[in-house]
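1. okay, structure incoming, though there's no sequence with it:
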């Protein structure tokens, strides 16, 4: 890989440290830790992943291994702040490297580091993922981000002009927020399944390149897609790619494509020296893929492939072929229908979510029609559940899945917020009961409901919810053992049987 062109940018860790006090009362909004739509995604299975040095804590940079994921590096200033790290196998202190800082909503630093390790090895990037930053109150997450970034900048040779961030869900919001806090020092952001933080919006000039991803069933799909359109309106560098799935980190091949895309943007902006062989190779491969999609009569997928190809290479080489095919496909009935359908999916999702939230509100309290509202809520949820199980991937199925996930996540987040506010346990229970009614196959949700019932001194319902969580596959014995709300249950015979069965 060619050496990067030296460009001066602000020091990210210094800005974060000064900014924490200004935003301490805010919250990075996304799906709360342990949400049912987050519980399923695990570390994506990649083509042979680099070996992992699990549990290792290192100090000087010289001791950090190359070419493998280190799951735990304690910061020099505060050993309680740790991060996962990947150094490319040819890393040496004499060459400054692009660096990617990763933020997972439930503090799984190794998950994104493993995900991006293969691309990092190919392009010579350093990748670090916080084990402390998570959804919730913003100050602890920013403290964790600042600690990780400062430690990386102190120990390693990284290029301040080529600083990138990535995050999933609430972590994506934090990844974007850091650019505001450092006064636009980021070269790029890879945002998975979420966009800007609440109360922030893109405004010209946007100084970082954005690569957005979302699963086709992700309830945040419309948000990320809309953000992509907003970046287009502002003339900012952007690309959006979807994948088959729900609310999750992107698959390995898409993570690799995001890093490759950032390399193209570095070429266009002068942050990387010209590399004709690299440019020609990427162009040829992506053009061949667009042609393949068109040849298989996948008109809308081909349209999007030509669209991103033309935008990404404009200014780097002649894009006439991509421009021509884009115009031709854009005029076709198939593509026009697909664009309309995508817009209608977003509109329909908003409508259904609004209806369900309204019914959920009416079924509470002393509202005289609450029983009818509860029945209507259950009927609408069941209807969506049937549509969500359809075999064919249609707009109707996508809307059903996105709507159910969004409503469940809404009430999970509501419960999380109530806990943070030290609200009455009964209020937390009420929110989680609705969430578990919608996401009726989530083991994490039923575990959280068991904890809430225990906190509300309802031993019988707590055991019933715990039993359901185990039936659905809950296996986190460590969470069980350290959860204080479950202490009154630990002497109960049924509780002991459940836990023994789990072990």
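-> Arrived safely. Everything numeric here is computed off the predicted structure, so don't read it as measured data.

2. which non-adjacent residue is nearest the residue nearest the centre of the chain?
-> Residue closest to the mean C-alpha point of the chain, counted by Cα atoms, centre = their mean, is residue 168 at 1.4 Å. In space, and not counting its chain neighbours, residue 168 is closest to residue 192: 4.2 Å by Cβ to Cβ, 6 or more residues apart in numbering. Any C-beta I mention is one placed from the backbone N, CA and C, and that applies to glycine too.

3. tell me the bridge partners for that neighbour.
-> Following DSSP bridges, residue 192 is listed with bridge partners residue 168, residue 213.

4. hmm, it is touching residue 166, no?
-> Yes - between residue 192 and residue 166 a contact is recorded at 6.9 Å, counting by Cβ atoms under 8 Å.

5. shared neighbours, these two?
-> Listed as contacting both residue 192 and residue 166 by Cβ atoms under 8 Å, 6 or more residues apart in numbering are residue 172.

6. quick one: mean pLDDT over the helix or strand hosting residue 254.
-> Using DSSP states H and E, residue 254 sits within helix 252-269. Taken as a whole, helix 252-269 has a mean pLDDT of 98.

7. can you pull the buried residues of it?
-> For helix 252-269, the neighbour count (16 or more other Cβ atoms under 10 Å) marks 252, 254-269 as buried.

8. relative to the whole chain's centre, how far out is the helix or strand just after that helix?
-> Counting by DSSP H and E, the element after helix 252-269 in chain order, helix or strand, is helix 276-295. The chain centre lies 28 Å from the centre of helix 276-295; the measure is Cα atoms, centre = their mean, to the nearest Å.

9. quick check: which ranges of the chain have low pLDDT?
-> The chain contains residues with pLDDT under 70 at 1-62, 365.

10. quick check: longest helix of it.
-> Longest helix in the chain by number of residues (criterion: DSSP state H): helix 333-362.

11. for it, buried residues please.
-> Buried-residue list, helix 333-362, by 16+ other Cβ under 10 Å: 335, 338, 345-346, 348-349, 352-353, 356-357, 359-360, 362.

12. what is it packed up against?
-> Where contact means 3 or more Cβ pairs under 8 Å, 6 or more residues apart in numbering; DSSP states H and E, helix 333-362 is packed against helix 221-233, helix 299-313, helix 370-388, helix 395-420.

13. kindly reformat those helices as TSV and extend each row with mean neighbour count and distance to residue 471.
-> Output for the helices and strands packed on helix 333-362, formatted as TSV (neighbours: other Cβ atoms under 10 Å; distance: least, Cβ to Cβ, whole Å):
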stretch	mean neighbour count	distance to residue 471
helix 221-233	18	31
helix 299-313	21	40
helix 370-388	16	18
helix 395-420	22	18
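
14. reformat those as a markdown table; add distance to residue 279.
-> Below are those laid out as a markdown table (distance: least, Cβ to Cβ, whole Å):
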| stretch | distance to residue 279 |
| --- | --- |
| helix 221-233 | 22 |
| helix 299-313 | 8 |
| helix 370-388 | 43 |
| helix 395-420 | 35 |
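
15. go through these and name the closest to residue 94.
-> helix 299-313 (31.5 Å; Cβ to Cβ).
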